[in-house]
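Undergrad: need a 3D model of the following:
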Amino acid sequence: MSAFLVGAAFAVLLALAVATVVTGVITALKIGPPPPPITRHGRWELRTLPDGTTEYTWIARQAGHFSPETNPDRDQHRIPR
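TA: The predicted structure is shown next:
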């Protein structure tokens with residue numbers, strides 16, 4: 001009788017393990033690929049969402065496009081002559 005209970009417990013644990021793996025795989029497939037990484041070049045910006053709430057979000061600087069605070073053509077540290 002005890003061998004049957006040990007076997008039944010093992011079968012239940014194995015079924016739970018398989019169900020957990022299957023659930024994880026399905027969830028990973030639904031989520032899709034990860035977003036691109038956030039680089040150190042950019043800024044945090046307060047944005048207003050369609051429902052009226054606000055949140056801070058990272059705005060990455062695109063190659064060749066500079067905002068006034070990151071414009072490399074502005075030489076802020078040049079000593080005037």
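Undergrad: not counting stretch 27-34 itself, show me its contacts.
TA: In this structure, no residues lie in contact with stretch 27-34 by Cβ atoms under 8 Å, 6 or more residues apart in numbering. C-beta: built from backbone N, CA, C; applies to glycine.
Undergrad: list the buried residues of that stretch.
TA: Neighbour counts over stretch 27-34 (16 or more other Cβ atoms under 10 Å) mark no residue as buried.
Undergrad: quick one: end-to-end distance for stretch 24-42.
TA: End-to-end distance for stretch 24-42: 34 Å, by Cα to Cα, to the nearest Å.
Undergrad: same question for stretch 34-49.
TA: 22 Å.
Undergrad: can you pull out the helices in this structure?
TA: For the chain, applying DSSP state H gives helices covering 2-31.
Undergrad: tell me the confidence at the closest residue in space to Trp44 that isn't next to it in sequence?
TA: Counting by Cβ to Cβ, 6 or more residues apart in numbering, Trp44 lies nearest to Tyr56, which is 5.1 Å off, once chain neighbours are set aside. If you check Tyr56, the pLDDT there is 84.
Undergrad: from memory Tyr56 sits against Glu45, does it?
TA: Yes. Counting by Cβ atoms under 8 Å, Glu45 is a contact partner of Tyr56 at 7.0 Å.
Undergrad: list the contacts of the spatially closest residue to Arg43 that is not a sequence neighbour.
TA: Closest residue in space to Arg43, ignoring its immediate chain neighbours: Ile59 at 5.5 Å, by Cβ to Cβ, 6+ apart. Contacts of Ile59 were listed using Cβ under 8 Å, 6+ apart, and they are 42-45.
Undergrad: spit out the contact partners of the nearest residue to Thr48 once chain neighbours are set aside.
TA: Counting by Cβ to Cβ, 6+ apart, Thr54 is the residue found nearest to Thr48 once chain neighbours are left out, at 5.3 Å. Each residue near Thr54 by Cβ under 8 Å, 6+ apart is listed here: 46-48.
Undergrad: re earlier: could you measure from the residue nearest to Trp44 over to Val18?
TA: In this view, Tyr56 and Val18 are 42 Å apart by Cβ to Cβ, to the nearest Å.
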